[in-house]
Structure formats: C-alpha cells, structure tokens
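Visitor: Pasting a predicted model and its sequence here:
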Amino acid sequence: QVQLVESGGRLVQAGGSLRLSCAASGRTFSNYAVGWFRQASGKEREFVAGINWSGASSSLADSVKGRFTISRDGAENTVYLQMNSLKSDDTAVYYCAAAVTSPSYVLRSPNSYAFWGQGTQVTVSS
C-alpha cells in the first residue's frame with residue numbers, strides 16, 4: 001500500500017499563496033488517482049481537487065475554481081495543490097488521499113479513497 005505525507009501548510013494572509021505537497025512512499029504513485037480534501041473546524045470534510053493517474057484530467061470544487069490548481073510529478077512521486085488568492089474561508093486542515101482506480105477516473109467522493117495522509121493545517125488570516 002501507499003503512505004502519504006502532506007506538507008506546506010502554514011499561516012498566510014488573505015490574498016496570499018501556498019503550495020501544498022503530497023508525497024507518496026511505499027509504492028509507485030503513478031497508478032493512483034489522488035485527491036485533496038479539507039476539513040474546517042466543526043464542518044464535514046469536503047472535496048477540493050482531484051487528479052487522475054496521468055495528470056491529464058482533473059477536477060476542482062466550485063469554491064476554488066480559478067484560484068487552485070492540482071498537478072502531479074511522477075518522477076518525484078508527489079502531487080501538488082497550488083493555492084492562490086487565499087481567503088479566510090480556505091482555513092482548514094488539508095488532506096491528500098489516494099485510490100487505485102481506472103486510469104481516466106477523477107474521484108470526488110472521500111468514500112472512494114482508501115489511503116489518507118495525516119493532514120496539514122492552512123490558516124488564512126484576514
């Protein structure tokens with residue numbers, strides 16, 4: 001199975017940018033669909049972005065379209081979440097997740113993912 005470790009979360013001012021990383025170990029990451037989710041205090045975990053095996057297909061939540069992008073680097077076994085124009089509503093713990101699935105699939109439901117990282121805190125100050 002694959003182990004996931006997120007990094008890059010920190011305190012940032014509104015309007016700023018962050019890049020989160022999701023590094024995989026244990027197995028090659030290239031056969032997994034990957035997603036980013038977030039959970040704010042007192043709220044349910046929600047989908048943020050997802051990407052398929054090759055990185056050719058991706059999906060973003062409506063709340064982050066135009067501000068966030070997801071990408072993957074097969075050589076480094078890492079998936080990135082570039083977050084621009086951050087808002088206070090983006091404050092949450094961000095998790096990456098991975099799933100073995102068909103090559104073209106981008107998965108949006110947390111129930112579709114079998115492997116999860118421990119999360120990284122993003123705090124946006126207004």
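Guide: Received it, and whenever you're ready, just let me know what you need.

Visitor: Which helix or which strand is home to the residue nearest to the spatial centre of the chain?
Guide: Residue closest to the mean C-alpha point of the chain, counted by C-alpha atoms, centre = their mean, is Trp36 at 2.4 Å. Secondary structure assignment for Trp36, by DSSP states H and E: strand 32-39.

Visitor: got the buried residues for that strand?
Guide: Going by neighbour count (16 or more other C-beta atoms under 10 Å), the buried part of strand 32-39 is Tyr32, Ala33, Val34, Gly35, Trp36, Phe37, Arg38. All C-beta spots, glycine's among them, are computed from the backbone N, C-alpha and C.

Visitor: Pretty sure the third one sits against Cys22.
Guide: Going back to what we said before, that points to Val34. Yes: with contact defined as C-beta atoms under 8 Å, Val34 reaches Cys22; the gap is 6.6 Å.

Visitor: Angles on the backbone of Ala61, please.
Guide: Here is the backbone geometry of Ala61 (degrees, to the nearest 10): phi -70, psi 150.

Visitor: what residues are up against it?
Guide: Taking C-beta atoms under 8 Å, 6 or more residues apart in numbering as the criterion, Ala61 is in contact with Glu46, Phe47, Val48, Ala49.
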